[in-house]
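[1] give me a 3D structure for the following:
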Amino acid sequence: MMKRIAVFLMAFVLLACSAAFAEEADAGRTVVTAMAAWFNPEEPVSVAMDAKILSCDGKNCTLVPLVPERYPQEDVRALKAGDAIFTQGREVVVRTVTEEDGFLVLNKGEEDEVSLFECDDLNFGITDLNDNTWTEFPEVTVPVSDHLLFLDEIDPESGSTPVVPTVHNRDGFLSLLKSESDPGFDIRNVLVAFDEHGELALVRRFYVPWQ
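    Residues are numbered from 1 along each chain as shown. Next up, the predicted model:
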């Protein structure tokens with residue numbers, strides 16, 4: 001009986017030490033998260049953003065604001081094995097850090113590989129199949145300006161990028177939005193801008209390789 005008690009106490013001490021060690025290790029662990037959005041997606045005023053345009057009736061448009069995930073340079077450069085990065089709703093634990101062809105690659109060659117690149121503002125973004133990774137905000141419904149300007153950088157016949165964008169007014173935009181043969185406005189290929197009244201004043205659509 002005494003031996004069993006001694007073994008039990010020893011196991012308990014070992015478990016307690018392991019738990020304490022894990023807490024200590026976790027306390028020294030860094031989890032890098034994306035920077036906050038630079039605008040209020042529920043009240044877009046005098047701001048531009050990427051978006052998915054879902055529908056529009058001429059007076060109001062329903063869209064999904066998009067913000068590319070951006071990470072502070074100093075946080076990314078400090079990442080080491082055991083740390084983590086939070087992207088697209090999940091936490092990726094860092095096991096290896098490799099610099100390759102201008103990219104900072106976490107867990108190279110593994111299923112949860114993350115490739116970071118330095119942006120023009122010197123912060124880091126994550127590339128995902130020739131695209132950024134994005135934070136999608138909930139749908140919002142916004143008023144449309146009577147003077148909406150639509151700049152289309154997709155050739156309607158070839159789908160490629162024309163030399164200069166085609167300029168449309170609000171009616172031209174609505175016509176293309178409702179066309180079944182059009183490439184669409186909800187595939188991360190749109191930049192929208194709002195005026196000082198919070199009305200949708202500009203839509204710019206550009207070519208993306210996955211359209």
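
[2] need the contact list for residue 122.
    residue 73 (CB atoms under 8 Å, 6 or more residues apart in numbering). Heads up, the C-betas are built off the backbone N, CA and C, glycines and all.

[3] would you list the phi and psi of it?
    phi 80, psi 0 (degrees, to the nearest 10).

[4] check which helix or strand residue 176 maps to.
    helix 170-178 (DSSP states H and E).

[5] show me what counts as buried in that helix.
    For helix 170-178, burial by neighbour count (16 or more other CB atoms under 10 Å) applies to 170, 173, 174, 176, 177.

[6] just checking, what packs against it?
    strand 48-56, strand 140-152 (3 or more CB pairs under 8 Å, 6 or more residues apart in numbering; DSSP states H and E).

[7] what does that helix contact?
    So helix 170-178 is contacted by 53, 55-56, 58, 144-148, 150, 152, 168, 182, 185, 203 (CB under 8 Å, 6+ apart).

[8] let me know the closest of these to residue 135.
    residue 53 (17.4 Å; CB to CB).

[9] please tell me how far the spatially closest residue to the closest one that is not a sequence neighbour sits from residue 92.
    Closest residue to residue 53 apart from its sequence neighbours, by CB to CB, 6 or more residues apart in numbering: residue 185 at 3.9 Å. Here the criterion is CB to CB, to the nearest Å. By it, residue 185 lies 31 Å from residue 92.

[10] just want to know which of these two has more residues nearby.
    Neighbour tally, residue 185 and residue 92, criterion other CB atoms under 10 Å: the higher count belongs to residue 185, 23 against 20.

[11] which residues are in contact with that one?
    Residue 185 touches 52, 53, 177, 203, 205, counting by CB under 8 Å, 6+ apart.

[12] in contact with residue 73, which residues?
    Residue 73 is in contact with 118, 122, 123, 124, counting by CB under 8 Å, 6+ apart.
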